[in-house]
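Can you look at this prediction? I've put the sequence above it.
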Amino acid sequence: MKHSISAPGKVILFGEHAVVYGRPAIAAPLSQIRACAEVRLTDRPLTVLTEDIDRPPLRWPGARPDSNDPLERMTAIASQFFCAAPIKGEIAIRSNIPIARGLGSGAAVSAVLARAIAALLARELSPDDANALVYEVEKLHHGTPSGIDNTVVVYNKPIYFVKDRRMDFIRIARPMSLVLADTGVSALTRETVAAVRKLYHEQHARTQAAFDAIGAIAERAGRSIEIGDWAGLGELMTENHKLLQALAVSSPQLDRLVAAALDAGALGAKLSGGGRGGVIIALVDGDTSQPVQRGLLAAGAKNVYATAFGLT
Ligand code: PMV
């Protein structure tokens, strides 16, 4: 048996950080960057091989549910979920999603591992159950994850998301073009989420007000996406970035890239994900994509990617 499984990267369009505190956020899958798994039935205990991820192969049994290693934790909780002992076979995971850049690498790798284990066991894994398993592992990356990353990666559709309350698929009115630019700086979401939590305790009223403003922006952005108002959406993006600056999760590199995108004609730009590193996103129309990409590279971006949503 040979079985191919994959999950996309993701980008948060609006609402990161405030989403942890119950405000709405919007995210979309990035189909160009993906994690993939191939499974092979063997009569030996499970081995998980990772080609592009710098870590040794995982051998099971021995995987512990309380392990701090994401692959080990997923293997252990998936085997518990399926009441499976022993698991036999081989899973080879590959991913071209840059790590620790807010692009959903951790959630995508967890999602393909959960599905690969289901395939080896010839068991069904519903999207809701896959989402719940990946969420458990996300706690390692995020501490207190809102659940937005696992949800967008598992369902592979643009979503409007409110933690524990709401998940709607968003219809994108007409093609929407983005440029992503990578600072080349790795940042741990767990640390930026902890920094925002500290601010929330130390400067409660100011932080709540920023969360409320970000939530209101995400709500308006949801409407703009559904009617295809890209000029309005761009302004909302740039406003969202300013509020993330106020939460101290931006960085000089991120600010420089946002400014460069706007100077080159982007309709709006913001950091995306946990911040203090990782990527910015810039909303562009067809004509400005190239100048924005050049402007971002000239401003020090280590990599730029052009992507579009709503093409179906
Ligand atoms: O995984 P990242 O870096 O895209 O960040 C996730 C977004 C946060 O709102 C910062 C955290 C969360 O759990 O929603």
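Yes, it's here.

alpha carbons only for contacts and neighbour counts from here, please
Will do.

I figured His141 hits Gly106, correct?
Yes - between His141 and Gly106 there is a contact at 7.4 Å, judged by C-alpha atoms under 8 Å.

mind checking the SS state of Ala119?
Taking DSSP: H, G, I helix; E, B strand; the rest coil as the rule, one finds Ala119 in the helix state.

Begin at 48 from now on, thanks
All set: I'll call the first residue 48, so the last point we hit is now Ala166.

so how far is stretch 81-97 from its chain's centroid?
24 Å (C-alpha atoms, centre = their mean, to the nearest Å).

now stretch 256-276
The chain centroid and the centroid of stretch 256-276 are separated by 19 Å under C-alpha atoms, centre = their mean.

who's more crowded, His188 and Gly153?
Gly153 (26 against 19; other C-alpha atoms under 10 Å).

which residues touch the more buried one?
By C-alpha atoms under 8 Å, 6 or more residues apart in numbering, the contact list for Gly153 reads Pro117, Ile146, Glu185, His188.

Against Arg221, how distant is the third one?
In this case it means Glu185. For Glu185, the distance to Arg221 equals 32 Å [C-alpha to C-alpha, to the nearest Å].

Would you quantify the distance from Cys83 to the ligand?
Separation of Cys83 from the ligand (C-alpha to the nearest ligand atom, to the nearest Å): 19 Å.

Can you tell me the element that residue falls in?
Assigned by DSSP states H and E, Cys83 falls within strand 72-92.

next SSE after that strand?
Using DSSP H and E, the helix or strand that follows strand 72-92 towards the C-terminus is strand 94-97.

list the buried ones in that following strand?
Residues Thr94, Val95, Leu96, Thr97 are the ones in strand 94-97 that count as buried (16 or more other C-alpha atoms under 10 Å).

Which strand residues bridge the first one?
In this structure, Thr94 has beta-bridge partners Arg106, Glu137, where bridges are defined by DSSP bridges.

Surely Thr230 and Gly322 touch.
No - in this structure, Thr230 is not within contact of Gly322 by C-alpha under 8 Å, at 10.3 Å.

So for these two, which sits in the more crowded spot?
Gly322 (29 against 25).

still on that earlier bit, any chance of the contacts of Gly153 in JSON lines, plus secondary structure, distance to the ligand and pLDDT?
Below are these laid out as JSON lines (DSSP: H, G, I helix; E, B strand; the rest coil; distance: C-alpha to the nearest ligand atom, whole Å; pLDDT from 0 to 100):
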{"residue": "Pro117", "secondary structure": "helix", "distance to the ligand": "14", "pLDDT": "91"}
{"residue": "Ile146", "secondary structure": "coil", "distance to the ligand": "10", "pLDDT": "88"}
{"residue": "Glu185", "secondary structure": "helix", "distance to the ligand": "8", "pLDDT": "92"}
{"residue": "His188", "secondary structure": "helix", "distance to the ligand": "8", "pLDDT": "76"}
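
How about the residues of the stretch 198-347 of the chain by the ligand?
Residues of the stretch 198-347 of the chain lying close to the ligand by C-alpha under 6 Å from any ligand atom are Thr236, Val240, Gly320, Gly321.

can you check the stretch 48-197 of the chain too?
Residues of the stretch 48-197 of the chain lying near the ligand (C-alpha under 6 Å from any ligand atom): Glu63, His64, Val66, Val67, Gly149, Leu150, Gly151, His189, Pro192, Ser193, Gly194, Ile195.

Contact partners for the fifth one?
Listed by C-alpha under 8 Å, 6+ apart, the contact set of Gly149 reads Lys57, Val58, Thr236, Ser319, Gly320, Gly321, Gly322, Gly325, Val326.

same question, the first one
Residues touching Glu63, when contacts are defined by C-alpha under 8 Å, 6+ apart, comprise Ala72, Ser319, Gly320, Gly321.
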